[in-house]
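# Fold the stuff below for me.
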Amino acid sequence: MAMVLFVASLATVSSCKKSNEKQIVGKWNLESLIIASGGESYEITGEELAILAEEFGGEMINVTLEFKSDGMVYAQGEATAKYSVDGDVLTLSADDESIQFKILELTSSKLSIEGSETEEGMTMTYTLNFKKA
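Numbering: from 1, shown residues only. Coordinates of the predicted model:
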């Protein structure tokens with residue numbers, strides 16, 4: 001009986017992974033960015049996102065991302081990184097650097113991912129919410 005449950009759980013994990021890999025393919029428009037640190041959070045939406053993207057030269061925040069089935073992510077029509085999905089973890093890699101995001105939600109129309117970074121002892125968490133284009 002234990003072996004049957006183990007095999008069933010492996011099949012479930014495997015199908016979830018494949019589902020995320022397939023569902024992420026396509027164009028996604030960034031709807032909001034939530035930045036949280038020190039018990040405070042701030043949500044950036046709409047026009048604020050476009051202004052922020054422009055201020056950072058489109059490098060930090062690209063309003064539209066396209067995940068292609070060949071494992072590449074495109075921003076503004078140019079390949080910007082490689083990606084991989086392992087269960088609920090999305091990894092983006094470019095220029096010998098990688099960043100991981102936890103996939104909070106992935107449906108046919110919505111993608112929410114969360115990442116964090118720590119600098120000088122302060123941790124910042126950011127949640128990016130996308131809508132399928």
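# same question for the helix or strand encompassing residue 48, mean pLDDT?
According to DSSP states H and E, residue 48 maps onto helix 46-55. For helix 46-55, mean pLDDT is 72.
# Partner strands of the next helix or strand after that helix, with direction?
Per DSSP H and E, helix 46-55 leads on to strand 64-67 as the next helix or strand towards the C-terminus. Using DSSP bridges, the strands paired with strand 64-67 are strand 26-37 (antiparallel), strand 72-75 (antiparallel).
# What are the contacting residues of strand 64-67?
Outside strand 64-67, the residues that touch it by C-beta atoms under 8 Å, 6 or more residues apart in numbering are 24-30, 73-76, 83, 130, 133. Where you see a C-beta, it was placed from the backbone N, CA and C, and this is true even at glycine.
# can you rerun that using 10 Å?
21, 23-30, 53, 72-77, 79-81, 83, 85, 90, 92, 111, 128, 130, 133 (C-beta atoms under 10 Å, 6 or more residues apart in numbering).
# Could you pull out the buried residues of it?
Using 16 or more other C-beta atoms under 10 Å as the test for burial, strand 64-67 gives 65-67.
# just stretch 103-112 next, same as before
103, 106, 111-112.
# what's the angle between the helix or strand in which residue 129 is found and strand 26-37?
Element membership of residue 129, judged by DSSP H and E, is strand 122-132. Here strand 122-132 runs at 150 degrees with respect to strand 26-37, directions being taken by axes from the mean of the first three to the mean of the last three C-alpha atoms, to 10 degrees.
# tell me the mean pLDDT for strand 122-132?
Here strand 122-132 scores 94 as its mean pLDDT.
# Mind giving me the ChimeraX select for the contacts of strand 64-67, buried ones only?
In ChimeraX, this line selects whichever of the contacts of strand 64-67 come out buried by 16+ other C-beta under 10 Å:
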select :21,23,24,26,28,30,53,73,74,75,80,81,83,85,90,92,111,128,130
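# buried ones in the strand holding residue 129?
Residues of strand 122-132 classed as buried: 126-130 (neighbour count, 16+ other C-beta under 10 Å).
# who's in contact with that strand?
By C-beta under 10 Å, 6+ apart, strand 122-132 touches 23-24, 26-38, 41, 43-45, 61, 63-65, 101-102, 104-118.
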